[in-house]
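J.: quick one: sequence and predicted model below, then my questions.
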Amino acid sequence: MVFSWGGGECRRRLNSRRFVGCPINVPSSTFSPPVQTSNRLAAPSLSAGAIPRRIRVVDADVHHNVRAKEDLFPYLARVHRERLIEYGLPRNSGIHQANGGWRGARADTFDAGEDVDPRSNFGMFQQKLMDGCGIDLAILQVELTPSLVALADVDYSAGLIRAVNDWSLEHWVAKDPRYRLSLTVPMHDPVEAVKEIERLGDHPAVVSVYVVCGSTRLYGKREYDRVYAACVERGLSVSLHFSNEGSGMNPPPTAAGFPTYYAETYLIRPQFYQAHLSSFLFEGTFEKFPALTVVFCESGFGWVPSFRWRADMAWKELRMQTPWVKRLPSEYIEQHIRFTTQPFEETEPPGAVDQIVTWMNGARTLLYSSDFPHWDFDPPDVVPQRLAPEVRRQILAENALASYPKLARLGGILP
Amino acid sequence: MSATGPTAHVVCRIDELSPGARKIVEIAGRSIGVFQLEDGRYYALRNRCPHRGAPLCEGRRTGLYTAAEPYRLAFERDGEILRCPWHGWEFDLTTGRTVCMPESVRVKSYRVGVEPPPETSVEHFKVSARGGNVVVWTGESLSVRDCG
């Protein structure tokens, strides 16, 4: 497999020289294309006498964004740039539902002014999230993705996605060694999705592939297999995040129609994940890709024990229809699916959540996430102090290190 | 193994249970299904599904659906799988084991045969009513544990 930074403008902008100076501390020779894909991210090099510090907090779901469409211009093919100039960024079409907080974000993150999207404020992220919350590694999932991935014109969609990925690597990842990127792919067109994974999936900071729940076809369907094969080949996990249900080409967010208010949208999310999870399980995705991990971001997790039990029940009764499913569904879920914590379940009584964590083996399957800078943000101390210290460590960092193969190459030591 | 050893219970004359047929009988206070497969083999299972107590032996006899890899369906062992009439759990008629969890969930399986034994071959008693009776033995330990 030959590593490539793409062609044309992208090749010039994303040349190997820039990564020599990037703070990921990888030997420059590693980035002279072509190179082999394995061992792309070496263990972090430490200056003499430095004391290695363990990674203590990994944030698996953080949302940055471009400030304006002009940010993407340098990364776009001329024809797509003209279209962007003329018509602007695509909107998440649909029902114009209000979000929460202030414009969907924490009201205390508008440091650069009322009209500057806090998701685009790099300095504020460093101050209020990375330093302020003690995040050692954060996985970026760009805010713009939902607007780009459901376009009927998949070529334009793929062009915009390439641009936002290139922009993220240059303007966020390259500027702070604590950032990793979840690579947006045009999942509506698996062929194009694979091309993007082939183009950037070997970048040392790309640890997963970012896919949203809104889809025309459930993600266990066999046409997506080529995407998962490309992921597994490069040690990338798949990160599944809600969004885009009912927008663009996608069907409504529920089979019974559209919700009216955001609280409804908030509540119905688990069904998106349940639909895709059912598909993964019974299409045999994890039989086909035993090394694949799928991270469910912001799915909630209180539903997981119930789903596991129901899935096992369904399999015992209906096994004969999908005999390639060799094990109890709960075993596949425990091995292959991870769940981010935010928004952390608020049970009554509060301690009841501990039982949920036990039922889903959260000590292995939960990954801390903040969702910064969204209004329903969770700081790391959302993980209850009453849990055993080793369980907290696993949820805050070690499960993430085990769930993204390329993070594991850090050996648990800060980059 | 009970202290008194296995007890033989006559189910019927062999000409009363034809190949492919079954008979559900009451033996020692238990309902037991006795099956003769098309090839002449006999099997007997307790007529109670360990899942929800359904009359298991009233379920459809079918084969085993398998797949070496996703989507590659195959159908094997025609007639050797008993599907519970209530929730569809599959049981291996020849062992009493479930297909989904063969190591942990099974139904009691009984030894069954013909007594007195036919004088010649299996083929002989398939076509003859002179071989004797279909007999189920209870009170003996088989390799299959009774989870029912």
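T.: Okay, I see it.
J.: for chain B, which segments are assigned as strands?
T.: B:7-13, B:22-27, B:30-36, B:42-46, B:60-67, B:73-83, B:90-92, B:109-115, B:133-138 (DSSP state E).
J.: can you redo those strands as JSON lines with distance to A:Arg162, mean pLDDT and mean neighbour count?
T.: The way it works is simple: take the backbone N, C-alpha and C, and place the C-beta from them, glycine included. Shown next, in JSON lines, are the strands of chain B (distance: least, Cβ to Cβ, whole Å; pLDDT from 0 to 100; neighbours: other Cβ atoms under 10 Å in any protein chain shown):
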{"stretch": "strand B:7-13", "distance to A:Arg162": "74", "mean pLDDT": "93", "mean neighbour count": "16"}
{"stretch": "strand B:22-27", "distance to A:Arg162": "65", "mean pLDDT": "96", "mean neighbour count": "16"}
{"stretch": "strand B:30-36", "distance to A:Arg162": "64", "mean pLDDT": "97", "mean neighbour count": "21"}
{"stretch": "strand B:42-46", "distance to A:Arg162": "62", "mean pLDDT": "98", "mean neighbour count": "24"}
{"stretch": "strand B:60-67", "distance to A:Arg162": "38", "mean pLDDT": "98", "mean neighbour count": "16"}
{"stretch": "strand B:73-83", "distance to A:Arg162": "40", "mean pLDDT": "98", "mean neighbour count": "16"}
{"stretch": "strand B:90-92", "distance to A:Arg162": "49", "mean pLDDT": "98", "mean neighbour count": "23"}
{"stretch": "strand B:109-115", "distance to A:Arg162": "62", "mean pLDDT": "93", "mean neighbour count": "19"}
{"stretch": "strand B:133-138", "distance to A:Arg162": "72", "mean pLDDT": "93", "mean neighbour count": "20"}
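J.: okay if I get these as a markdown table plus distance to A:Arg53?
T.: Converted to a markdown table, the strands of chain B look like this (distance: least, Cβ to Cβ, whole Å):
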| stretch | distance to A:Arg53 |
| --- | --- |
| strand B:7-13 | 73 |
| strand B:22-27 | 70 |
| strand B:30-36 | 67 |
| strand B:42-46 | 62 |
| strand B:60-67 | 48 |
| strand B:73-83 | 53 |
| strand B:90-92 | 54 |
| strand B:109-115 | 61 |
| strand B:133-138 | 69 |
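J.: out of the ones you listed, which is closest to chain A?
T.: Nearest to chain A, of all the strands of chain B, is strand B:60-67, at 3.9 Å by Cβ to the nearest Cβ.
J.: which one of the residues in the stretch 51-200 of chain A is closest to chain B?
T.: Nearest residue of the stretch 51-200 of chain A to chain B: A:Pro190, at 16.7 Å (Cβ to the nearest Cβ).
J.: which parts of the stretch 201-350 of chain A sit against chain B?
T.: With Cβ under 8 Å from any Cβ of the partner chain as the criterion, the stretch 201-350 of chain A meets chain B at residues A:222, A:283-284, A:287-288, A:315-324, A:328.
J.: kindly recompute the last result at 10 Å.
T.: Taking Cβ under 10 Å from any Cβ of the partner chain, the part of the stretch 201-350 of chain A that reaches chain B is made up of A:220, A:222, A:225, A:282-288, A:312-313, A:315-328.
J.: quick one: buried ones out of those?
T.: Among those, the ones that count as buried by 16 or more other Cβ atoms under 10 Å in any protein chain shown are A:220, A:225, A:282-288, A:312, A:315-317, A:319-320, A:322-325, A:328.
J.: tell me the contacts of the residue of chain B found nearest chain A?
T.: Proximity of chain B to chain A (Cβ to the nearest Cβ) peaks at B:Pro70, 3.3 Å away. Residues near B:Pro70 by Cβ atoms under 10 Å, 6 or more residues apart in numbering or on different chains: A:220, A:222, A:225, A:282-288, A:322-325.
J.: just the pLDDT at it, thanks.
T.: Per-residue pLDDT puts B:Pro70 at 97.
J.: A:Glu398 contacts A:Gly412, correct?
T.: Yes. A:Glu398 lies in contact with A:Gly412 (Cβ atoms under 10 Å); the separation is 7.4 Å.
J.: joint contacts of these two?
T.: The contact sets of A:Glu398 and A:Gly412 overlap at A:54-56 (Cβ under 10 Å, 6+ apart).
J.: next SSE after the host helix or strand of A:Ile139?
T.: Using DSSP states H and E, A:Ile139 maps to strand A:137-140. Proceeding N to C from strand A:137-140, the next assigned helix or strand is helix A:145-148, under DSSP H and E.
J.: ok, and for stretch A:136-152, which residues are buried?
T.: By neighbour count with 16+ other Cβ under 10 Å, stretch A:136-152 contains the buried residues A:136-151.
J.: that's a strand at A:Asp155, yeah?
T.: No. Counting by DSSP: H, G, I helix; E, B strand; the rest coil, A:Asp155 is not part of a strand but helix.
J.: quick one, what contacts it?
T.: A:77, A:79-80, A:186, A:189, A:192.
J.: show the backbone phi and psi for the closest residue to chain B within the stretch 151-300 of chain A.
T.: The stretch 151-300 of chain A approaches chain B most closely through A:Gly284 (3.3 Å), counting by Cβ to the nearest Cβ. Note on A:Gly284: backbone dihedrals following degrees, to the nearest 10 are phi 80, psi 20.
J.: pretty sure it sits against B:Leu73.
T.: No. Contact between A:Gly284 and B:Leu73 fails when scored by Cβ under 10 Å: they sit 11.6 Å apart.
J.: spit out the residues that contact those two alike.
T.: Common neighbours of A:Gly284 and B:Leu73 (Cβ under 10 Å, 6+ apart) are A:322-324, B:67.
J.: closest one to B:Pro102 out of the residues you listed, please.
T.: Relative to B:Pro102, the closest of the shared contacts of A:Gly284 and B:Leu73 is A:Pro323; by Cβ to Cβ it sits at 13.7 Å.
J.: how near is the closest one to B:Leu64?
T.: A:Pro323 sits 8 Å away from B:Leu64, taking Cβ to Cβ, to the nearest Å as the criterion.
J.: between the two, which contacts overlap?
T.: With Cβ under 10 Å, 6+ apart, A:Pro323 and B:Leu64 have common neighbours B:74-75, B:99.
J.: so which of those also contact chain A?
T.: Filtering these for proximity to chain A by Cβ under 10 Å from any Cβ leaves B:74-75, B:99.
J.: strands along chain A, start to end?
T.: For chain A, the strands defined by DSSP E cover A:58-62, A:137-140, A:179-184, A:206-212, A:237-241, A:294-297, A:337-340, A:366-367.
J.: please tell me how far the residue of the stretch 151-300 of chain A closest to chain B sits from B:Ala68.
T.: With Cβ to Cβ as the criterion, A:Gly284 and B:Ala68 are 11 Å apart.
J.: overlap in contacts of the two?
T.: When contacts are counted by Cβ under 10 Å, 6+ apart, A:Gly284 and B:Ala68 have A:323-324 as shared neighbours.
J.: could I get the contacting residues of the closest residue in space to A:Asp117 that isn't next to it in sequence?
T.: Closest residue to A:Asp117 apart from its sequence neighbours, by Cβ to Cβ, 6 or more residues apart in numbering or on different chains: A:Asn65 at 5.6 Å. Neighbour list for A:Asn65: A:71, A:105, A:117-121, A:140, A:142-145, A:164, A:168, A:172, A:373 [criterion: Cβ under 10 Å, 6+ apart].
J.: thank you, goodbye.
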